[in-house]
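J.: need the 3D shape of this:
(one chain, ligands or ions: 2)
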Amino acid sequence: MRTVDLIQRKRDGLELSREEIEFLINGFTNGDIPDYQMSAWAMAVFYRGMNARETADLTMAMARSGDQMDLSAIPGVKVDKHSTGGVGDTTTIVLGPLVAALGVPVAKMSGRGLGHTGGTIDKLEAIQGFTVERTREQFVRQVSDIGVAVISQSGNITPADKKLYALRDVTATVDSIPLIASSIMSKKIASGADRIVLDVKTGSGAFMKTLDESIHLAQAMVDIGEQVGRETVAVITNMDEPLGLAIGNALEIREAVDTLRGEGPADLEALCIQFAAYMTVLGGQAASFEEAKDRAEQAIRDGSAIAKLKQFIHAQGGNASIVDDPAHLPSAPYIVEVPSESDGYIKAMDAESLGITAMMLGAGRATKEDVIDMAVGVLLKKKVGDPVQAGEALLELHMNRDEKVFVQEMSDRARQAITVSQERAERTPLIQAVVT
Ligand code: URA
Ligand code: CA
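T.: Ligands and ions are numbered 1, 2, ... in the order given. Just a heads-up that it's a prediction; the model follows:
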């Protein structure tokens, strides 16, 4: 087999066989196929696409390119949830304990944040003592014992995807649906998920800006799941504004605690209940979506979800007293309110821009080497559709510096991310579509 022939066939819009796709992925991973040939192939895929069978074969070739987690020692159906990346997305920290309280094991590997989106692993580290490093044995034992563990992606999971993603990033071939779909699904499959629930974000803060594109991406991932025997449900959710009110690590932990108590922001709670219900149905612990939803609401009301959170934090070495007393979380020395300049209604919020503001305050990393300040971030006081008066706070900046110039720059940035209009503004429904 010659790489150049495979590039040419894809360039001409022809289909590649499973053996040919495996040849490309294996050769690229072990260094036999150089970056320039793989780049040319990725560009050919960008223009010509891949059918469902090719996409599934690419997914499995990448899933098998490194370590594969074997979770078979954990009883029950392992359901994983993945988000395509949002701003202020605190759902994993709510869902882990909530779903575990409903009897579905949650064995989750998560990532750190980069750029305008935060990472679950960073957020958990805002809890004093919480460790995200666990051996495979400890991880499996914890899930078997208490039903939930969340650890940092470790070892050599999908090296082919890692290498290909880095190449796509610099060759303008990231936004190809088969390449994104196979990239995401390969990591979930290598992480040992039996069933997968996907949160495909759409809107200004998301990877896919339109509903149409988001549905195509969701369908591609659901098709992969079907082809490879890992049942997958994709929920397309609005990312036109940040999820919940908090953006920033300790702020989001506090928001997760509030939500598990039934005192969180309405949108975050609604989303978490919806996802918990899908995970519970896929995990075989409820006969219907409605039943699962009722049970999720019940677990929040009766305190079993918050009790599971305490157990989970304690099991990973964290200070579980933060659940009853959030004063034990890191907090910022300076809180600056950003007021509205006019009366009206919140028309729009640029989630990506607010995510960048939180990052610039120190809540996220611009480069991999940056150190995060757990305490800082943005706390919204308003959401799209809310009325506001001139002088009333739109949001709070939680800061670790109070130099005038910096405060001014950050306040201006944040204010510009929010559009206030005279007319009543409609909120876009949070759940836009479900693809099964
Ligand atoms: N997220 C991924 O993991 N892979 C992509 O290709 C795009 C987003
Ligand atoms: Ca949030």
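
J.: what's the neighbour count on residue 156?
T.: Neighbourhood size, residue 156 [other C-beta atoms under 10 Å]: 11. Every residue, glycine included, has its C-beta placed from N, CA and C.

J.: and it, how far from residue 62?
T.: 12 Å (C-beta to C-beta, to the nearest Å).

J.: quick check: domain ranges of this protein?
T.: 3-49, 79-322, 331-421 (automatic domain parsing).

J.: residues of this protein that sit close to ligand 2?
T.: Within the chain, the residues that sit near ligand 2 (C-beta under 5 Å from the ion) are 88, 90, 244, 246.

J.: ok, of those, which one's closest to ligand 1?
T.: residue 88 (18.1 Å; C-beta to the nearest ligand atom).

J.: residues contacting that closest one?
T.: 118, 242-247, 252, 351, 354-355, 358, 378 (C-beta atoms under 8 Å, 6 or more residues apart in numbering).

J.: what does it show for phi and psi?
T.: Dihedral angles phi and psi of residue 88 (degrees, to the nearest 10) take the values phi 70, psi 30.

J.: quick one, grab the pLDDT at it.
T.: Note on residue 88: pLDDT of 81.

J.: equivalent analysis for the one 3 residues further on, please.
T.: pLDDT for residue 91: 92.

J.: report how many residues lie close to it.
T.: Residue 91 has 25 nearby residues by other C-beta under 10 Å.

J.: near ligand 1, which residues of the stretch 101-250 of the chain?
T.: Proximity of the stretch 101-250 of the chain to ligand 1 is confined to 165, 174, 179-180, 183-184 under the rule C-beta under 6 Å from any ligand atom.

J.: ok and the residue in the chain nearest ligand 1?
T.: residue 183 (3.4 Å).

J.: dump the residue contacts of that residue.
T.: Going by C-beta under 8 Å, 6+ apart, residue 183 touches 62, 161, 164-165.

J.: now do stretch 135-142: distance to the chain's middle.
T.: 23 Å (C-alpha atoms, centre = their mean, to the nearest Å).

J.: buried set for that stretch?
T.: 139-142 (16 or more other C-beta atoms under 10 Å).

J.: repeat that for stretch 323-337.
T.: Neighbour counts over stretch 323-337 (16+ other C-beta under 10 Å) mark 323, 326, 329-330, 332, 336 as buried.

J.: residue 235 should be in a helix, yeah?
T.: No - with DSSP: H, G, I helix; E, B strand; the rest coil as the criterion, residue 235 is assigned strand and is not in a helix.

J.: begin at 34 from here
T.: Got it, first residue is 34 now, which makes that one residue 268.

J.: which ones are touching it?
T.: Residue 268 neighbours (C-beta under 8 Å, 6+ apart): 230-233, 307-308, 311, 464, 466-468.

J.: deepest of the domains of the chain, which one?
T.: domain 112-355 (a mean of 22; mean count of other C-beta atoms under 10 Å).

J.: end-to-end on that domain?
T.: By C-alpha to C-alpha, to the nearest Å, the extent of domain 112-355 from end to end equals 28 Å.

J.: next up, the contacts around the residue sitting nearest the centre point of the chain.
T.: Geometric centre of the chain, nearest residue: residue 116, 3.4 Å, by C-alpha atoms, centre = their mean. Residue 116 makes contacts with 122, 124-125, 231-232, 234, as judged by C-beta under 8 Å, 6+ apart.

J.: of those residues, closest to ligand 2?
T.: Comparing these against ligand 2 with C-beta to the ion places residue 122 closest, at 6.5 Å.

J.: strands - which of the contacts of residue 268 land there?
T.: Using DSSP state E, the members of the contacts of residue 268 that fall within strands are 230-233, 464, 466-468.

J.: mind putting the residues you listed into JSON lines with pLDDT?
T.: JSON lines is the format used below for these (pLDDT from 0 to 100):
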{"residue": "230", "pLDDT": "97"}
{"residue": "231", "pLDDT": "97"}
{"residue": "232", "pLDDT": "95"}
{"residue": "233", "pLDDT": "95"}
{"residue": "464", "pLDDT": "92"}
{"residue": "466", "pLDDT": "95"}
{"residue": "467", "pLDDT": "95"}
{"residue": "468", "pLDDT": "96"}
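
J.: closest to residue 298 among the residues you listed?
T.: Nearest to residue 298 among the ones in strands among the contacts of residue 268, counting by C-beta to C-beta, is residue 464 at 15.3 Å.

J.: name the nearest residue to residue 394, sequence neighbours excluded.
T.: Nearest residue to residue 394 in three dimensions, chain neighbours excluded: residue 409, at 4.4 Å (C-beta to C-beta, 6 or more residues apart in numbering).

J.: check residue 54 too.
T.: Leaving out its chain neighbours, the residue that sits closest to residue 54 by C-beta to C-beta, 6+ apart is residue 90, at 4.6 Å.

J.: show me the contacts for that neighbour.
T.: By C-beta under 8 Å, 6+ apart, the residues touching residue 90 are 51, 54-55.

J.: the residue nearest to residue 394 contacts residue 433, doesn't it?
T.: Yes - counting by C-beta atoms under 8 Å, residue 409 touches residue 433, with 5.5 Å between them.

J.: list the contacts of the closest residue to residue 150 other than its chain neighbours.
T.: Leaving aside its sequence neighbours, residue 150 sits nearest to residue 118 (C-beta to C-beta, 6+ apart; 4.6 Å). Residue 118 is in contact with 150, 234, 239-240, counting by C-beta under 8 Å, 6+ apart.
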